[in-house]
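# Predicted model, plus sequence, below.
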Amino acid sequence: MTTYKSKDYKAQNINNDWCPGCGDYAILSAIQLALTKLQIAPHNVAMVSGIGCSGKVSHYVHSYGFHTLHGRAVPHATGMKLANHELTVIAAGGDGDGYGIGGGHFVAGGRRNLDFTYIVFNNDIYALTKGQASPTIEKGNKTKTMPEAAIFEPINPVSLAISSGYTFVARSYSLDVKYTADLIAKAIQHKGSAIVDIMQTCPAFNDVHTKTWYEGLDREDKQPRFYKLDEEGFDGVVKNPKDEQEVVAKKMQALQTAMSFQKDRLPIGLFYQNETECLDDHLAKKMPSLKEAPIVKQDIYKRDLNPLFDELR
Ligand SMILES: Cc1ncc(C[n+]2csc(CCOP(=O)(O)OP(=O)(O)O)c2C)c(N)n1
Ligand SMILES: [Mg+2]
């Protein structure tokens, strides 16, 4: 049996043009570490990304890859998974890509509970276009290329994801590669829509939320500005998905934790997980032929499609 090493998930002969010191490198390493941990063969992985610095990630992972349009990683991931449910589908992109222009797709991706993983490189800005405010920038923050401080309230990725129906919702900090890799691995293993929002440092344009700021190196007590939920006894996992009261209670707990954070205490870790029926299970019931093989492996020209259509009626 082949054992895959981290280097097996690194694309060869591709020039990486991220800036030196970019937090994106750490997230790329975390994705590769997670795949190594799970030992998923590169040819069984499909990475799809949007537009932005983060959007280049699909070029750098050795797997199937698709660099799509701005904000459209989720609909492409949906198509990939429906056509070939045997693939591990990972969508990736920036905060502008996912929560701005792709906001509607983000919501639809959650409510369908399709079995895919969405990794958001969240740096509060549109980095590729030189640092304009994104939907996650805090009101009052002004990065070096913004003429004025942000005037709008930020969206909250965790509460938005939970309200949209994602059944695995986690947050991490880019430069903690091991912690991020563990969360990504759990997200991939989760059957259903999974999102990992990653607070990402951008040394070129975000001079407010820097490594120094996140890690509290500017503080007298040198304490990081984030804390790990699991280290404080937080448990976001639904034990009985059929128990509606438990599901609501876990969602409320996650929402409250996501909404009540203070600037100096940002929670990271697994906020919510509910392994319930996902779209793949639902379709397999409707179309038993999918159990034999995914759509891409079926010879639809030779096949009588009427029973399939009957199943869908
Ligand atoms: C339809 C469309 N609108 C605008 C742009 C210009 N554009 C390119 S990248 C980008 C924002 C990227 O920001 P984000 O998604 O946060 O990714 P980052 O670069 O920060 O990783 C924009 C607005 C585009 N390429 N396509
Ligand atoms: Mg961004």
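Here it is on my side, so go on. Note that the structure is predicted; figures quoted are calculated from it, not measured. Numbers count the residues shown, from 1 in each chain. Ligands and ions are numbered 1, 2, ... in the order given.
# any idea which helix or strand carries the residue nearest in space to the middle of the chain?
Taking CA atoms, centre = their mean, the centroid of the chain lies closest to residue 119, which sits 2.1 Å from it. Using DSSP states H and E, residue 119 falls within strand 116-122.
# what do you get for residue 129?
Using DSSP H and E, residue 129 falls within no helix or strand.
# Return the list of helices and strands in contact with the strand holding residue 119.
Strand 116-122 is packed against helix 23-38, helix 73-83, strand 88-94, helix 95, helix 103-111, helix 177-189, strand 193-199, with contacts defined by 3 or more CB pairs under 8 Å, 6 or more residues apart in numbering; DSSP states H and E. C-beta coordinates here come from the backbone N, C-alpha and C atoms, glycine included.
# lowest confidence element among the helices and strands of this structure?
None of the helices or strands of the chain scores lower by mean pLDDT, DSSP states H and E than helix 306-312, at a mean of 77.
# CA atoms of it as PDB?
Provided in PDB are the C-alpha atoms of helix 306-312 (Å, rounded to 0.1, in the frame of the first residue of the first chain):
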ATOM      1  CA  ASN A 306     -36.200   6.300 -17.100                       C
ATOM      2  CA  PRO A 307     -35.900   4.500 -13.700                       C
ATOM      3  CA  LEU A 308     -33.500   7.200 -12.700                       C
ATOM      4  CA  PHE A 309     -36.000   9.900 -13.600                       C
ATOM      5  CA  ASP A 310     -38.800   7.900 -11.900                       C
ATOM      6  CA  GLU A 311     -36.700   7.900  -8.700                       C
ATOM      7  CA  LEU A 312     -36.500  11.700  -8.900                       C
END
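# Mind listing residues that contact it?
For helix 306-312, contacts defined as CB atoms under 8 Å, 6 or more residues apart in numbering pick out 286, 287, 288, 289.
# Please identify the residues of the stretch 101-250 of the chain in proximity to ligand 1?
For the stretch 101-250 of the chain, the contact set with ligand 1 under CB under 6 Å from any ligand atom comprises 121, 123, 125, 126, 127, 128, 129, 134.
# Now render those as a markdown table, adding distance to ligand 2.
What follows is those, written out as a markdown table (distance: CB to the ion, whole Å):
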| residue | distance to ligand 2 |
| --- | --- |
| 121 | 6 |
| 123 | 4 |
| 125 | 5 |
| 126 | 6 |
| 127 | 5 |
| 128 | 8 |
| 129 | 9 |
| 134 | 5 |
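# Return the residues of the stretch 1-150 of the chain in contact with ligand 2.
Within the stretch 1-150 of the chain, the positions near ligand 2 by CB under 5 Å from the ion are 94, 95, 96, 123, 127.
# The last one contacts residue 201, doesn't it?
Going back to what we said before, that points to residue 127. No. Taking contacts as CB atoms under 8 Å, residue 127 lies outside contact range of residue 201: 10.6 Å.
# So the two - more neighbours on which side?
Each of residue 127 and residue 201 has its neighbours counted (other CB atoms under 10 Å); residue 127 has more, 28 against 22.
# Run a quick neighbour tally on the residue of the stretch 151-300 of the chain found nearest ligand 1.
Here the stretch 151-300 of the chain gets closest to ligand 1 at one residue, residue 202, 6.8 Å apart by CB to the nearest ligand atom. Residue 202 has 26 neighbours, counted by other CB under 10 Å.
# Give me the number of neighbouring residues for the closest residue to it other than its chain neighbours.
For residue 202, ignoring the flanking residues on the chain, the nearest one in space by CB to CB, 6 or more residues apart in numbering is residue 123 at 4.2 Å. By other CB under 10 Å, 31 other residues sit near residue 123.
# before we move on, back to that, which among the residues of the stretch 101-250 of the chain next to ligand 1 gets closest to residue 279?
Comparing these against residue 279 with CB to CB picks out residue 121 as the nearest, at 25.1 Å.
# count of residues packed around that closest one?
Quick note: residue 121 (other CB under 10 Å) scores 30 neighbours.
# That one and residue 202, how far apart?
From residue 121 over to residue 202 the distance is 9 Å, taken as CB to CB, to the nearest Å.
# Which neighbours do those two have in common?
23, 53.
# Quick check: what element follows the one helix or strand residue 272 maps to along the chain?
Element membership for residue 272, per DSSP H and E: strand 266-273. Following strand 266-273 in sequence order, the next helix or strand is helix 279-286 (DSSP H and E).
# Was I right to think residue 196 contacts residue 188?
No. Under the criterion of CB under 8 Å, residue 196 makes no contact with residue 188, lying 9.6 Å away.
# Which one's more surrounded, the two?
residue 196 (28 against 24).
# list the contacts for the more buried one?
Contact analysis of residue 196 by CB under 8 Å, 6+ apart lists 117, 118, 119, 120, 170, 171, 172, 180, 183, 184, 187.
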